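# task: produce atomic coordinates for the following.
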Amino acid sequence: MPIMRPRPTPLIRLATWLLGGGLAVGLVSAAAAEPAPVTLAAVERQVLREQAMLSGTTIARRRTALSPRVDGLVTELFVDAGSLVAAGDPILALDDRLETHNVEAAAARVQEAQANHQDALRVRDELLRLKEGRHASETDIRSAIARVDMAAAALAAERAALARAEEVQRRHRLTAPFAGMIVARNVEVGEWAKRDEAAVELVALDVLRIRATLAQTDFARVRRGATATVRFDALPDQTFRGEVHARVASGDPRSRTFPLLIDLPNPDGLLAPGMSARVQVDLSGGDREVLTVPRDAIVAKADGTRQVWRVETEDGLLNAYPVEVAIGRADGDRLEVTADALAAGDRVVMLGNESLQPGQTVSPQSADATPRAAETVALDE
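Numbers count the residues shown, from 1 in each chain. Reported below is the predicted structural model:
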């Protein structure tokens, strides 16, 4: 009796086609397609300093609540929330009419004391001239000298009183102690301002500080002045450089982490306190050689993995194949990559890698002639 064989199902027929020649035909079609214009770059071996990857938040390096030095009625306000001020700029003025009168009275008393002092000097000098002809007694001369000293002391006292009155008058105006932005205003014109209540809050923006969290294993390897590379979620396309200001030797006993303070110049005012930051800090004693590729060579996939397209020469053609990589540290426009299939000198696609297919033939072009990959992103998280 002949052996009855089961009839292949559609799924089995599809698998047989793929293994028996369909896949090969597909690869041949991809290789024979029109070459894709790309820009190539080399995988390079570089010595990079080991870095710690941290997260942190920007805080104000200088923040102060300002209040007038005397109580008084607010007559003028020169700022509002969001106003930028320079050091010495006026912020508010209090009613100083009474102090103006006090200054005028003190100035008049100074003039009177100056006149008395001049008169005492005149009398003394006349008696000294008369003494030469023996027409003035020694007692009169000593009394005249004493009156000069008393007039000088009275003049000094009145000048001090005038200086005090002028200082009290100046204290009716509040000025900015440093440049920055007014972030809060708590008084209005016509209100009574008190010395112990903040009228405005001022934040310096020229240099911000990042408070990051440092693991205890890296605490001894971070030095004051070490370089820090910072990226912000609010400005994903920009990289900032700062330096370590201090390691705070007061750790969290639960997480075994320590605060790390990093000063970051902010001359353009793009950054503000409260922004989240991703920080890379150089560690001492950790230089090592790694493979790097240009940032644009990294393609981020929807599943979270990253890959580069390595180009190989086959039968005189350049064909591109994906290689999954892990991302490490950054050095300018180049990123550290880790992959067993990559080696120094390999060529990878830097531009034009957004729609390549495995085994597709590519045609190297200059950077200006190749469209930039819209979905290619450089990640160095």
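
# element containing the residue lying closest to residue 128 once chain neighbours are set aside?
Excluding its sequence neighbours, the residue lying closest to residue 128 (C-beta to C-beta, 6 or more residues apart in numbering) is residue 141, at 6.5 Å. The way it works is simple: take the backbone N, C-alpha and C, and place the C-beta from them, glycine included. In the assignment (DSSP states H and E), residue 141 maps to helix 138-170.

# and that helix, how far out from the chain's middle?
Distance of helix 138-170 from its chain centroid, counting by C-alpha atoms, centre = their mean, to the nearest Å, is 55 Å.

# what packs against that helix?
helix 97-132 (3 or more C-beta pairs under 8 Å, 6 or more residues apart in numbering; DSSP states H and E).

# re the thing from before, need the next SSE after the helix holding residue 141, C-terminal direction.
The helix or strand immediately downstream of helix 138-170 is strand 173-175, counting by DSSP H and E.

# quick one, the helix holding residue 141 and helix 97-132 angle?
Orientation of helix 138-170 against helix 97-132 (axes from the mean of the first three to the mean of the last three C-alpha atoms, to 10 degrees) gives an angle of 160 degrees.

# re the thing from before, what number of residues lie near the residue nearest to residue 128?
As a burial measure, residue 141 scores 16 neighbours (other C-beta atoms under 10 Å).

# okay but it is in contact with residue 129, surely?
No: when contacts are counted by C-beta atoms under 8 Å, residue 141 is not listed as touching residue 129 (10.5 Å).

# where in the stretch 1-150 of the chain is pLDDT low?
Applying pLDDT under 70 to the stretch 1-150 of the chain flags residues 1-33, 132-134.

# if we use 50, what do you get?
Within the stretch 1-150 of the chain, the segments meeting pLDDT under 50 span 1-32.

# nearest spatial neighbour of the residue nearest the centre of the chain, chain-adjacent residues omitted?
In the chain, the residue lying closest to the centroid (C-alpha atoms, centre = their mean) is residue 264, at 3.6 Å. Distances taken as C-beta to C-beta, 6+ apart place residue 242 nearest to residue 264, at 3.7 Å, with adjacent residues excluded.

# gap between the residue nearest to residue 128 and residue 125?
Distance of residue 141 to residue 125, given as C-beta to C-beta, to the nearest Å: 11 Å.

# in the helix holding residue 141, which residues are buried?
Using 16 or more other C-beta atoms under 10 Å as the test for burial, helix 138-170 gives 141, 144, 147-148, 151, 154-155, 158-159, 161-162, 165, 168-169.

# how near is the closest residue to residue 84 other than its chain neighbours to residue 193?
In space, and not counting its chain neighbours, residue 84 is closest to residue 181: 5.5 Å by C-beta to C-beta, 6+ apart. Remark: distance between residue 181 and residue 193 (C-beta to C-beta) = 21 Å.

# quickly note the distance from residue 150 to residue 117.
For residue 150, the distance to residue 117 - C-beta to C-beta - is 9 Å.

# got it, and residue 219?
Applying C-beta to C-beta, the value for residue 219 to residue 117 is 68 Å.

# how close does the residue nearest to residue 264 sit to residue 266?
10 Å.

# ok, residue 185 next?
Counting by C-beta to C-beta - residue 185 and residue 266 are separated by 22 Å.

# residue 169 now?
Applying C-beta to C-beta to residue 169 and residue 266 gives a distance of 36 Å.

# and if you look at residue 332?
Separation of residue 332 from residue 266 (C-beta to C-beta): 21 Å.
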